[in-house]
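# Sequence and predicted structure, then a few things I'm wondering about:
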Amino acid sequence: MTPRKIIIDTDPGQDDAVAILLALASPEEIEVMGITVVAGNVPLDLTQTNARKVCELAGKPETLVFAGCDHPLVHRLVTAEHVHGETGLNGPDLPDPDLALQDQHAVDYIIDTLRHEAPGTVTLCPLGPLTNIALALRKAPDIAERIQEIVLMGGAYFEVGNITPAAEFNIYVDPEAAAVVFGCGAPITVMPLDVTHKALVTKPRNDAFRAIGTPVGMAVAEMTDFFERFDKEKYGSEGAPLHDPCVTAYLIRPELFSGRFINVEIETGSALTRGMTVADWWGVTDRPKNANFMGDIDADGFFSLLEERLARL
Ligand code: RIB
Ligand code: CA
């Protein structure tokens, strides 16, 4: 099996970190060509530092990391320190990275990679606000038809919002960027809160991370121990929802997930419902279908995969 070439676009974030670790631990299925970083959970200077820390934690200091946009297309940046802590990666005490940032801007790296690689051979995996992806599409519209697939974490339907009553954080932060991406015509697979809220790090699962007995296992346990507070307090959840690793797991074992090919539009005009993913799950409109919108996950299978792969690092 030829590994799938991917670019991870991310705003680490503890769950982003686990998604990156899972990708870097799975070379049979995934070739991480580069990691592009965006402002989101915390400002860009922290998200880019966190991305480099995670690559070193994975023992992959050769990973190419590119800094991208430090603010959304239109709105001011909204961050989520209340969930991820002031560093964005609270929990483990990870050393400052030696791994240097690449000089090229993330947006230009995305464009150049898609233009250089054969059409239909590169998958984009956005795990944060879609600002970098949208700017790349605006700057180089020709890349849309060269994208193999966009597999992203964002949005919600039955689960509604986690940052407002109507919107999930990644889409809420930059709804104009999300509208560009969902309208670009590339194949899109969406991991919404409807799925990620079923991927909870319960105590037995957190204990299993610790039982791996490696620095990676311990760091992941400490990350999820920290960022579970928000969801436990708000939803009464049994543990932290591993939002972003659902994207990576889908690339490795898509059969863990199920959903529908439907129309998804993004609300950009209303202050009340800004960033809402209006998902036509029941097919009540004749709007063109544009996204493979996931609705369910085999959570036990997901965590078995995660534990097995993290133990490799
Ligand atoms: O709403 C959850 C998403 O927002 C995740 O990607 C998390 O890392 C934050 O970016
Ligand atoms: Ca994220």
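Looks like it came in fine. Ligands and ions are numbered 1, 2, ... in the order given.

# Please name the nearest non-neighbouring residue to the closest residue to ligand 1 within the stretch 201-313 of the chain.
Residue nearest to ligand 1 within the stretch 201-313 of the chain (CB to the nearest ligand atom): His243, separated by 4.1 Å. For the C-beta atoms, the positions are set from N, CA and C on the backbone; glycine is no exception. Closest residue to His243 apart from its sequence neighbours, by CB to CB, 6 or more residues apart in numbering: Thr196 at 4.0 Å.

# how far away is the one you found from Glu222?
To Glu222, Thr196 is 20 Å away according to CB to CB, to the nearest Å.

# the more surrounded of those two?
Thr196 (25 against 18; other CB atoms under 10 Å).

# wait, doesn't that one sit right on Met153?
Yes. At 6.7 Å, Thr196 and Met153 qualify as touching, with contact defined as CB atoms under 8 Å.

# what residues are shared contacts of these two?
243, 246 (CB atoms under 8 Å, 6 or more residues apart in numbering).

# Ala178 belongs to a strand, doesn't it?
No. Using DSSP: H, G, I helix; E, B strand; the rest coil, the secondary structure at Ala178 is helix, not a strand.

# Can you report how many residues lie near whatever residue of the stretch 1-150 of the chain ends up closest to ligand 1?
Of all residues in the stretch 1-150 of the chain, Gly13 sits closest to ligand 1, at 3.7 Å by CB to the nearest ligand atom. When neighbours are counted by other CB under 10 Å, Gly13 registers 30.

# Quick check, it in contact with Gly85.
No. Counting by CB under 8 Å, Gly13 does not reach Gly85; the two are 10.1 Å apart.

# which ones are touching Met223?
14, 17-18, 89, 91-92.

# Please confirm that it is located within a strand.
No. According to three-state DSSP, Met223 belongs to no strand; its state is helix.

# Let me see the contact set for the residue nearest to His243.
Per CB under 8 Å, 6+ apart, neighbours of Thr196: 153, 241-243, 246.

# Could you rerun that using 6 Å?
Contact partners of Thr196, counting by CB atoms under 6 Å, 6 or more residues apart in numbering, are 241, 243, 246.

# Which one of those is nearest to Glu233?
Using CB to CB, Pro241 comes nearest to Glu233 of the contacts of Thr196, at 13.1 Å.

# what's around the closest one, how many residues?
26.

# Also Cys184?
Neighbour count for Cys184, taken as other CB under 10 Å: 20.

# Okay, and it sits in which element?
Assignment of secondary structure by DSSP states H and E places Cys184 within no helix or strand.

# could you say which helix or strand contains Phe303?
Element membership for Phe303 (DSSP H and E) is helix 299-310.

# chain center to that helix, what's the gap?
Mean-position distance between helix 299-310 and its chain equals 17 Å (CA atoms, centre = their mean, to the nearest Å).

# May I see the buried residues of it?
Neighbour-count burial for helix 299-310, counted by 16 or more other CB atoms under 10 Å, picks out 299, 302-303, 305-307, 309-310.

# Turn those residues into TSV, including distance to Val278 and pLDDT.
Below are the buried residues of helix 299-310 laid out as TSV (distance: CB to CB, whole Å; pLDDT from 0 to 100):
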residue	distance to Val278	pLDDT
Ala299	27	98
Phe302	27	98
Phe303	31	98
Leu305	32	98
Leu306	31	98
Glu307	36	98
Arg309	35	98
Leu310	36	98
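
# Just the closest of the residues you listed to Asn50, please.
Leu310 (17.6 Å).
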